[in-house]
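Undergrad: turn this into a structure:
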Amino acid sequence: MFSLNGCIHMILDTLANRIFWLAPLSHRGFSADSLLIEIAPSIVDRHPLWSHSIEAIIIILALHFFFKKRTTGKETGKPLSSGNSGHGRQ
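TA: Numbering: from 1, shown residues only. Next up is the predicted model:
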């Protein structure tokens, strides 16, 4: 799980920053911003803070799912009682 979070973090950082994905082998950085400037410069001209908008959408979605889970139901795990623990059986 820790490695997956690290990969997701690097992918999201690629949107706004230059990341050296092949650092020991190649010192060529990659960023989605430079790619977007080459493909569609008009989008970057009209929306210079597009990467901040993506980050804001991620935060809003995370808050939405957090509050949705909090209001729709309780946790699925049930606490163990002394009757379910198996102690005292003969």
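Undergrad: now do the contacts for Ile43.
TA: Leu36, Trp50 (CB atoms under 8 Å, 6 or more residues apart in numbering). All C-beta spots, glycine's among them, are computed from the backbone N, C-alpha and C.
Undergrad: check which helix or strand covers it.
TA: Assessed by DSSP states H and E, Ile43 sits inside helix 41-46.
Undergrad: can I get that helix in CSV, CA atoms only?
TA: C-alpha atoms of helix 41-46 as CSV (Å, rounded to 0.1, in the frame of the first residue of the first chain):
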residue,chain,number,x,y,z
PRO,A,41,-0.7,26.3,-25.7
SER,A,42,-4.1,28.0,-25.8
ILE,A,43,-5.3,26.1,-22.7
VAL,A,44,-2.2,27.1,-20.7
ASP,A,45,-2.7,30.7,-21.8
ARG,A,46,-6.4,30.8,-20.8
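Undergrad: number the chain from 58, please
TA: Right, with 58 as the first residue, what we last looked at is helix 98-103.
Undergrad: what's the first helix or strand after it?
TA: In N-to-C order, the element after helix 98-103 by DSSP H and E is helix 107-129.
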